[in-house]
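In: need a structure here:
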Amino acid sequence: MAGRKLRILQVMRAPVGGLFRHVADLTRALSSNGHDVGLVVDSLANDAQTESKLAALLPDASLGIHRVAMPRVLGRGDLVTPLKVRRLARSLDIDVLHGHGAKGGFYARLAKIGGGKAVAVYTPHGGVLHFSRSSTSGRLFHLLERWLMAQTGAIVFESAYAKATYSALIGSPTCPTELIHNGLTPDEFVTIKPDADAANFVFVGELRDLKGIHILVEALAEVIRPDGSPATLVMAGDGPARDALTAQIQSLGLGARVTLLGAQPARPTFARGLVAIVPSLAESLPYIVLEAAAAQLPLIATRVGGIPEIFGPTATSLVPANDIAALTQAMQRALDDPAAAHAEMLTRLQFISEHFSLARMAGSIEGLYHSLLGKG
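Out: Presented below is the predicted three-dimensional model:
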């Protein structure tokens, strides 16, 4: 059974961010291992970036890329789309339906109702875990999660944090579960050489409050270089808080110290700074932390979500979220003692190279597929 060629249909809503990165990596890895893979994606949220990313995946999606309506909020469309996914799965003779995120997970498991040979696997990727039990939508999503447990072959959690949060919000899963961390490709474990004019710190992420950007700018205002000059920061990203961030930078008199680059790919942007910084107020298992660590940048991050799992033996250096003083101290320490920051980076690099590789991630998921099918 372990060597059997599988036919896999991955279901997700939005091809952006870490969820899409995970699905794209998994699709390529499974394809390279000889499996046939198809994707079901949202037809309602297409743009040029979405289409280019999907086009790049076509060579590895031998079962095609199929578009169906996936409304962001629950509605009548959610009654029709699972039927389309079920018909598609049967016509393609699918072995594994793997749903990613809240909507992808719902559709993959709802498509199982009424029979069919495919086993349904679900990876939350945060998704439903972001909904509070105190909200109407949260209670509804959590009720659906419990109801769909009977249709779930297994749940894959990308972090121990996600697994614990799921159990706290929804209840302990009654189906099998696996903890399988996200992984990076070998070419990401290559040193980034900083630019000659690199800033002291570099931030890459969406410009929204949850990413801790306002805390970061406040902290920067108090940080100085060893020569007494003010520290500098480069920020790559865009988002709903850009205007407020720009106003904050100006009000603090940091216009000459903070450079806003707009949306940029992460790896080339790492060369624009000497120390990467992730001041998030909440996260699941952010790829940006993995990417910065693999690129061999010293790294400052907050103790939220699954970030301690990435930091491993260096987790004691994580700072509390939403704490300007603690973040200021961590930034100042990185400038005052670069040798210690570099030594910590090497320890962390060794840890993530052993535990967060794409080969390990894809192999574990593939093994889970075979295990579930072997029990059928």
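
In: what's the burial count for the residue lying closest to Leu252 once chain neighbours are set aside?
Out: Spatially, and ignoring its direct neighbours in sequence, Leu252 is nearest to Ala221 (5.2 Å; Cβ to Cβ, 6 or more residues apart in numbering). Backbone N, C-alpha and C define where each C-beta goes, glycine included. Neighbour count of Ala221, defined by other Cβ atoms under 10 Å: 17.

In: what do you get for Gly367?
Out: By other Cβ under 10 Å, the residues close to Gly367 number 13.

In: where's it, which helix or strand?
Out: helix 358-375 (DSSP states H and E).

In: mind listing what's buried in that helix?
Out: Buried residues in helix 358-375, counting neighbours by 16 or more other Cβ atoms under 10 Å, are found at 358, 360-362, 365-366, 368-373.

In: what's it packed up against?
Out: Applying 3 or more Cβ pairs under 8 Å, 6 or more residues apart in numbering; DSSP states H and E, one finds that helix 358-375 contacts helix 17-32, strand 96-100, strand 119-123, strand 154-157, strand 177-179.

In: what residues does the second one touch?
Out: Okay, so that is strand 96-100. Contacting residues not belonging to strand 96-100 are listed as 6-12, 19, 22-23, 85, 89, 105-109, 111-112, 118-123, 125, 369, 372-373 [Cβ atoms under 8 Å, 6 or more residues apart in numbering].

In: pairing partners for that strand, with directions?
Out: strand 7-11 (parallel), strand 119-123 (parallel) (DSSP bridges).

In: relative to Ala326, which of these is closest?
Out: Relative to Ala326, the nearest member of the strands paired with strand 96-100 by Cβ to Cβ is strand 119-123, separated by 32.4 Å.

In: contact partners of the closest one?
Out: With Cβ under 8 Å, 6+ apart as the test, strand 119-123 has contacts from 22, 95-101, 105, 108-109, 111-112, 151-158, 368-369, 372-373, 376.

In: same check on stretch 261-278?
Out: Residues outside stretch 261-278 that contact it (Cβ under 8 Å, 6+ apart): 188, 192-195, 198-205, 212, 216, 233-238, 286, 288-289, 291-292, 295, 297-302, 307, 331, 334-335, 338, 341.

In: show the buried residues in these.
Out: The neighbour-count test (16+ other Cβ under 10 Å) applied to these identifies 188, 192, 194, 198-205, 212, 216, 233-237, 286, 288-289, 291-292, 295, 297-302, 307, 331, 334-335, 341 as buried.

In: okay, and which of these map to strands?
Out: Taking DSSP state E, the ones among the buried ones among the contacts of stretch 261-278 that sit in strands are 199-204, 233-236, 299-301.

In: looking at the residues you listed, which is nearest Ser135?
Out: Nearest to Ser135, judged by Cβ to Cβ, of those is Ala301 at 28.2 Å.

In: residues in contact with that closest one?
Out: Counting by Cβ under 8 Å, 6+ apart, Ala301 makes contact with 277-280, 289, 307, 311, 318-319.

In: let's have those in CSV, adding secondary structure, pLDDT and distance to His181.
Out: Shown next, in CSV, are these (DSSP: H, G, I helix; E, B strand; the rest coil; pLDDT from 0 to 100; distance: Cβ to Cβ, whole Å):
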residue, secondary structure, pLDDT, distance to His181
Ile277, strand, 98, 22
Val278, strand, 98, 17
Pro279, coil, 98, 22
Ser280, coil, 97, 18
Val289, helix, 97, 12
Ile307, helix, 97, 12
Phe311, helix, 98, 13
Leu318, coil, 98, 17
Val319, strand, 98, 22
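
In: so which strand or helix has Arg146?
Out: helix 136-148.

In: any idea of the mean pLDDT for that helix?
Out: In this model, helix 136-148 has an average pLDDT of 80.

In: likewise stretch 9-20?
Out: In this model, stretch 9-20 carries a mean pLDDT of 83.

In: may I have that stretch exported as PDB, CA atoms only?
Out: Provided in PDB are the C-alpha atoms of stretch 9-20 (Å, rounded to 0.1, in the frame of the first residue of the first chain):
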ATOM      1  CA  LEU A   9      -7.700  16.500  -4.600                       C
ATOM      2  CA  GLN A  10      -6.700  19.500  -2.500                       C
ATOM      3  CA  VAL A  11      -9.500  22.000  -1.600                       C
ATOM      4  CA  MET A  12      -8.800  25.600  -0.500                       C
ATOM      5  CA  ARG A  13     -10.500  28.900  -0.800                       C
ATOM      6  CA  ALA A  14      -7.900  31.700  -1.200                       C
ATOM      7  CA  PRO A  15      -4.600  31.100  -3.000                       C
ATOM      8  CA  VAL A  16      -2.700  33.700  -1.000                       C
ATOM      9  CA  GLY A  17      -0.500  33.700   2.100                       C
ATOM     10  CA  GLY A  18       0.800  30.800   4.100                       C
ATOM     11  CA  LEU A  19      -2.100  28.500   3.400                       C
ATOM     12  CA  PHE A  20      -1.400  28.700  -0.400                       C
END
